[in-house]
Each structure stands twice: as structure tokens, then as C-alpha cells.
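S.K.: sequence unavailable; structure follows:
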């Protein structure tokens, strides 16, 4: 494979991996924000400051 094709292939793979990483981080952050809005945290402790709990 010629050098310019290898460079192009590397660029495409890098862009694809970067894109998937960004999407993964966005889903992770949105999941963390969603779970922090839940009155029950990861340890099963209910937030007593929330009158609706």
C-alpha cells in the first residue's frame, strides 16, 4: 500500500475513533446527569432533602 493511502487510512480511522469517543462521553455525561437528578443515588440512599421522596 502506498504511503499516501496509509496516511489517508490512518486519518479516517482516527476521525472515526474520535467521533465514537465524543459520542460515548456525551452519553456518559448525560447518564450521570440523569442519575444525579434521581433522588436515590448509586448506594440506594434516599435524598431526605427532597420532599417528594
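M.R.: Noted; the coordinates are in hand. On a predicted model such as this, the values are computed, not experimentally measured, just so you know.
S.K.: tell me what the helix or strand hosting residue 9 is packed against?
M.R.: For residue 9, the enclosing helix or strand under DSSP states H and E is helix 3-37. Of the remaining helices and strands, none touches helix 3-37 by 3 or more C-beta pairs under 8 Å, 6 or more residues apart in numbering; DSSP states H and E. Heads up, the C-betas are built off the backbone N, CA and C, glycines and all.
S.K.: report the mean confidence score over it.
M.R.: The average pLDDT within helix 3-37 is 84.
S.K.: number of nearby residues for residue 14?
M.R.: Residue 14: 10 surrounding residues under other C-beta atoms under 10 Å.
S.K.: and it, how far from residue 23?
M.R.: For residue 14, the distance to residue 23 under the criterion C-beta to C-beta, to the nearest Å works out to 15 Å.
S.K.: now do residue 8
M.R.: In this view, residue 8 and residue 23 are 23 Å apart by C-beta to C-beta.
S.K.: before we move on, what about residue 29?
M.R.: According to C-beta to C-beta, residue 29 stands 11 Å off from residue 23.
S.K.: same question for residue 7.
M.R.: Counting by C-beta to C-beta, the separation of residue 7 from residue 23 is 25 Å.
S.K.: next one: residue 15
M.R.: Between residue 15 and residue 23 the distance, using C-beta to C-beta, works out to 13 Å.
S.K.: do the same with residue 4
M.R.: Taking C-beta to C-beta as the criterion, residue 4 is separated from residue 23 by 29 Å.
S.K.: what's the answer for residue 17, then?
M.R.: As defined by C-beta to C-beta, residue 17 lies at a distance of 11 Å from residue 23.
S.K.: list the residues that contact both of those two?
M.R.: Overlap between the neighbourhoods of residue 17 and residue 23 is empty, taking contacts as C-beta atoms under 8 Å, 6 or more residues apart in numbering.
S.K.: understood, closing this out.
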